[in-house]
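**Student:** structure, please.
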Amino acid sequence: MSFLHTVLRLASATAIVATLSGTALADEPFKVGFVYLGPTGDHGWTYSHDQGRKAVEAKFGDKVKATYVDNVPETADAERVVRDLATKGNKIIFTTSFGYMNATEKVARQFPKTMFMHATGYKSSKNMGIYDIRTYEGAYMLGVVAGKMSKNGKLGVVGSVAIPEVIRNINAFTIGARSVNPKATTKVIWVNAWFDPGKEREAAMTLISQGADVLMQNTDSPAVVQAAQEKGIYAFGWDSDMTKFGGKAQLAASVLNWGVIYNEQVEKAMKGEWKTTDIWYGVKEGAINIDNFGPATPADVKKLAEERRDALKAGKLHPFSGPLKDNTGKEFVPAGKTLADADLRKMSVYVEGVEGSIPK
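**Tutor:** Numbers count the residues shown, from 1 in each chain. Model prediction:
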């Protein structure tokens, strides 16, 4: 065999390998990463995000590979997990809790060609967007039901962490309740954790002992619904349906649909059309709904809640339209005005009807 013949054969083999390699690369699935705060079985916040991940898999099939890491604390460990997902070639990474904001921002600077989306935060950059669901719309609708169903007008909320998002939800719940029962009041117990079933149950039991006969939560486990069932009072599913934990207690559920956002953003990323963005979707976009009404909820109360939902969807209703006072009697939204998104995102006062003060 001549030297030239050998060279030509080697060149041909190299071309074949390169072609096959290129085909393999072209056929590789688009990698998507998710970072979760709690376990996927919490039946609350993390569960709802994981349902969104599954929606991505259902829509795109083997064109995507969606990886998640759960039980990631809002500490320096979050930065390690986000960086690891970026290092492993995930093209777009969703970090799903407020406390991941700084870690996401730092890793985004180190991986400028990777796309990042951070949930519930306020920092963004060229390759880092933010997204959220208007959970306060769900809280408002639950408040309407609570105001109708409470016998004594004493409502309770098990609060997680005192950030604007949670304060906003407590306020919207109270506004909804007082729209049908002006004398309704809300007592809050903070557990300073997103997912701690023991503390959540203890807080629920305390609120019940203090006279609350309808409970809402902004925590992630079904412990509040379980406590309500045990004590014969009412509660709500939060982020997802919690009927199986308290079928008699659950009046309705505020159900999140993160898939609306995830499918949209993954598709844009796959097409090369993704740009940093600020998403805040609600009832209008199909990202949240009141659903899973329980047997204890009368037909007229369900009808009223659904009418309020339809008004939210049509833009005819906004929970934070004035006049609104804080719980010291000071007006913070005048008549004829609606609180702007920028102000909603930094909410730091309780509305009239919420008892006590916000923890420092």
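**Student:** which SS state does residue 56 fall under?
**Tutor:** Taken by DSSP: H, G, I helix; E, B strand; the rest coil, the conformation at residue 56 corresponds to helix.
**Student:** what's the burial count for it?
**Tutor:** Neighbours of residue 56 under the rule other Cβ atoms under 10 Å: 23. In short, each C-beta sits where N, CA and C put it, glycine included.
**Student:** from residue 250, how far off is the residue nearest to it when sequence neighbours are not counted?
**Tutor:** Spatial nearest neighbour of residue 56, excluding adjacent residues (Cβ to Cβ, 6 or more residues apart in numbering): residue 262 at 5.0 Å. Relative to residue 250, residue 262 is positioned 26 Å away (Cβ to Cβ, to the nearest Å).
**Student:** so who does residue 48 touch?
**Tutor:** 239, 240, 255, 256, 257, 258 (Cβ atoms under 8 Å, 6 or more residues apart in numbering).
**Student:** ok, of the residues you listed, which one's closest to residue 181?
**Tutor:** For these, the minimum distance to residue 181 (Cβ to Cβ) is 24.1 Å, reached by residue 255.
**Student:** distance-wise, check the closest one relative to residue 147.
**Tutor:** Counting by Cβ to Cβ, the gap from residue 255 to residue 147 is 20 Å.
**Student:** settle it for me: which of these two has more neighbours?
**Tutor:** Neighbour count, other Cβ under 10 Å: between residue 255 and residue 147, residue 147 has more, with 25 against 19.
**Student:** so that one sits against residue 185, correct?
**Tutor:** No - the pair residue 147 and residue 185 does not pass the contact test of Cβ atoms under 8 Å, sitting 10.7 Å apart.
**Student:** anything in contact with each of those two?
**Tutor:** Taking Cβ under 8 Å, 6+ apart as the criterion, residue 147 and residue 185 both touch 153, 155.
**Student:** quick one: low-confidence parts of the protein?
**Tutor:** Residues of the chain meeting the criterion pLDDT under 70: 1-26.
**Student:** and it, what are its domains?
**Tutor:** According to automatic domain parsing, the chain comprises the domains 27-134+258-285, 136-255+288-344.
**Student:** show me how far the shortest one is from its chain's centre.
**Tutor:** The chain centroid and the centroid of domain 27-134+258-285 are separated by 12 Å, computed with Cα atoms, centre = their mean, to the nearest Å.
**Student:** quick revisit: how about the helix or strand encompassing the residue nearest to residue 56: buried residues?
**Tutor:** Using DSSP states H and E, residue 262 maps to helix 259-270. For helix 259-270, burial by neighbour count (16 or more other Cβ atoms under 10 Å) applies to 259, 260, 261, 262, 263, 264, 265, 266, 267, 269, 270.
**Student:** and the third one, how far from residue 270?
**Tutor:** What that stands for is residue 261. Going from residue 261 to residue 270 by Cβ to Cβ gives 15 Å.
**Student:** ditto for residue 348
**Tutor:** From residue 348 to residue 270 the distance is 39 Å (Cβ to Cβ).
**Student:** mind listing what's buried along stretch 347-360?
**Tutor:** Using 16+ other Cβ under 10 Å as the test for burial, stretch 347-360 gives 347, 349, 350, 351, 352, 353, 354, 358.
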